[in-house]
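>>> Return atomic coordinates for the entry below.
(chains A, B, C and D)
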Protein chains: 2
Amino acid sequence: MKPLFHPRVEDLDLSTILHACADPTRLRLLVDINTEPGKTCGTFETELSKSTLSAHFKVLRESGLVRQELGPGNSRLNWPRTAEVQSRFPDVISAILKSVTRSHS
Amino acid sequence: MKPLFHPRVEDLDLSTILHACADPTRLRLLVDINTEPGKTCGTFETELSKSTLSAHFKVLRESGLVRQELGPGNSRLNWPRTAEVQSRFPDVISAILKSVTRSHS
DNA sequence: TCGCGTATTCGTCAATTCACGAACACTTGG
DNA sequence: CCAAGTGTTCGTGAATTGACGAATACGCGA
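Predicted structure coming up:
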């Protein structure tokens, strides 16, 4: 099987990361992954089709915001790479996540 | 003449703001505006055409990141609305701006 | 090995984005 | 009033995005 691509920390690009966060669906996914690390793709609440959701996860993964690891039964476990991203761009992701959870409550 | 539209603070939308920041050109403009408040549109270093640049300023303005004010000779003075944006989404913009200036030096 | 569950890939499609030049609008100095 | 300077608007075109269903790939339990 094909290994999933993940950018190295030194290759992270701020514009790419912001673009990944700029979509409401992806921002929601990112918050959920950070709230409940290790969730599989099928466990997210959404109205979107599987293929659309898969594409969004791909954007998050290739931007470096999320690490996807193979789980049981061909599932993907989604882990936040927030700490790694913060090492390159301090406070950016944490501030975004806080703003979302804050305005949502 | 037509007054330029500016969103109210309570109408700011995080996804819209992140989208505005996600373009490298606009991010650069935003940094420049914050570094040197009051610059006119024509004083930014760029290879882009006037119409393209004008469109980018419009995105920044309509997202709420920048206030454009009429200056002498039909020019536009560009002011950051960073403080206002921060009141809705604390630390988001400041963290982004710091990351850009930091990685650029 | 067969079938089920999970997720990706592919092809398509409508909508949006980003770029440009030409034309227009507005202010100001001569 | 005219010309120069500054930006916006409009029409165009190429590229990207975001959505979907159908088909495919993979792991695992029976």
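>>> How about residue A:80: what's its closest non-neighbour residue?
Nearest residue to residue A:80, sequence neighbours excluded (C-beta to C-beta, 6 or more residues apart in numbering or on different chains): residue A:34, at 4.6 Å. The way it works is simple: take the backbone N, C-alpha and C, and place the C-beta from them, glycine included.
>>> ugh, wrong one, I meant residue A:42
Of all residues not flanking residue A:42 in the chain, residue A:75 sits nearest, at 7.1 Å (C-beta to C-beta, 6+ apart).
>>> any idea how far residue A:99 is from residue A:21?
According to C-beta to C-beta, to the nearest Å, residue A:99 and residue A:21 sit 11 Å apart.
>>> who has more neighbours, these two?
residue A:21 (27 against 19; other C-beta atoms under 10 Å in any protein chain shown).
>>> shouldn't that one be in contact with residue A:96?
Yes - with contact defined as C-beta atoms under 8 Å, residue A:21 counts as touching residue A:96 (5.8 Å).
>>> Spit out the contact partners of the closest residue to residue A:76 other than its chain neighbours.
Counting by C-beta to C-beta, 6+ apart, residue A:68 is the residue found nearest to residue A:76 once chain neighbours are left out, at 4.6 Å. By C-beta atoms under 8 Å, 6 or more residues apart in numbering or on different chains, the residues touching residue A:68 are A:4, A:6, A:57, A:61, A:76, A:77, A:78, A:79.
>>> State the phi and psi torsions of the fifth one.
Torsion angles at residue A:76 (phi, psi; degrees, to the nearest 10) stand at phi -120, psi 130.
>>> can you pull the pLDDT of it?
Note on residue A:76: pLDDT of 97.
>>> Also the third one?
At residue A:57 the predicted local confidence, pLDDT, stands at 98.
>>> Spatially nearest residue to it (excluding sequence neighbours)?
Residue A:57 sits nearest to residue A:41 (C-beta to C-beta, 6+ apart), 5.9 Å away.
>>> and if you look at the fourth one?
Leaving aside its sequence neighbours, residue A:61 sits nearest to residue A:68 (C-beta to C-beta, 6+ apart; 5.2 Å).
>>> Check the first one too.
Closest residue in space to residue A:4, ignoring its immediate chain neighbours: residue A:68 at 5.2 Å, by C-beta to C-beta, 6+ apart.
>>> Since that was my last question, I'll sign off now.
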